[in-house]
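Peer 1: Structural data only, the sequence is not supplied:
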């Protein structure tokens with residue numbers, strides 16, 4: 001998952017002694033039918049049909065330990081079963097709130113997923129990689 005400016009700014013300010021930063025105790029995975037920008041905007045989440053962001057506690061059980069500038073999800077991420085169409089999902093993201101809030105990480109799906117009624121969206125263990133790189 002790419003890092004947004006929001007996340008990068010928090011890390012830089014904290015790492016270089018400018019301000020303190022306490023990460024959220026709970027992160028929220030979300031889905032988008034539109035492109036998310038590096039500024040953390042542009043997402044369009046499904047509306048209705050039992051869609052809800054998935055809460056996950058911010059701990060080593062869920063996210064593991066980073067190595068070489070990246071880490072993966074250590075537990076599967078399962079969204080509620082859809083009760084109506086959610087449209088075509090093109091992005092997954094990680095935010096600091098159950099709704100609205102700030103997007104910290106995002107990733108385009110390798111293949112867009114059309115979610116119809118009675119569909120479960122699931123990301124298996126290690127399916128999502130959070131990366132910080134110099135490229």
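Peer 2: Received the coordinates, thanks. No experiment lies behind these values; they were computed from the predicted model shown.

Peer 1: And for the residue nearest to residue 53 when sequence neighbours are not counted, the neighbour number?
Peer 2: Setting aside the residues directly before and after it, residue 53 is nearest to residue 28 in space (C-beta to C-beta, 6 or more residues apart in numbering), at 4.0 Å. Using the backbone N, CA and C atoms, a C-beta is placed for each residue, glycine as well. Residues lying near residue 28 (other C-beta atoms under 10 Å) number 19.

Peer 1: show me the contacts for residue 28.
Peer 2: By C-beta atoms under 8 Å, 6 or more residues apart in numbering, the contact set of residue 28 is 53-56, 94-98, 101.

Peer 1: Likewise for residue 2?
Peer 2: 38, 105-107, 131.

Peer 1: which element follows the longest strand along the chain toward the C-terminus?
Peer 2: In the chain, assigned by DSSP state E, the strand with the most residues is strand 103-115. From strand 103-115 onward toward the C-terminus, using DSSP states H and E, the following helix or strand is strand 122-123.

Peer 1: ok, residues contacting the helix or strand following that following strand?
Peer 2: Using DSSP H and E, the next helix or strand after strand 122-123 towards the C-terminus is strand 129-131. Residues outside strand 129-131 that contact it (C-beta under 8 Å, 6+ apart) are 1-3, 63, 66, 69-72, 94, 105.
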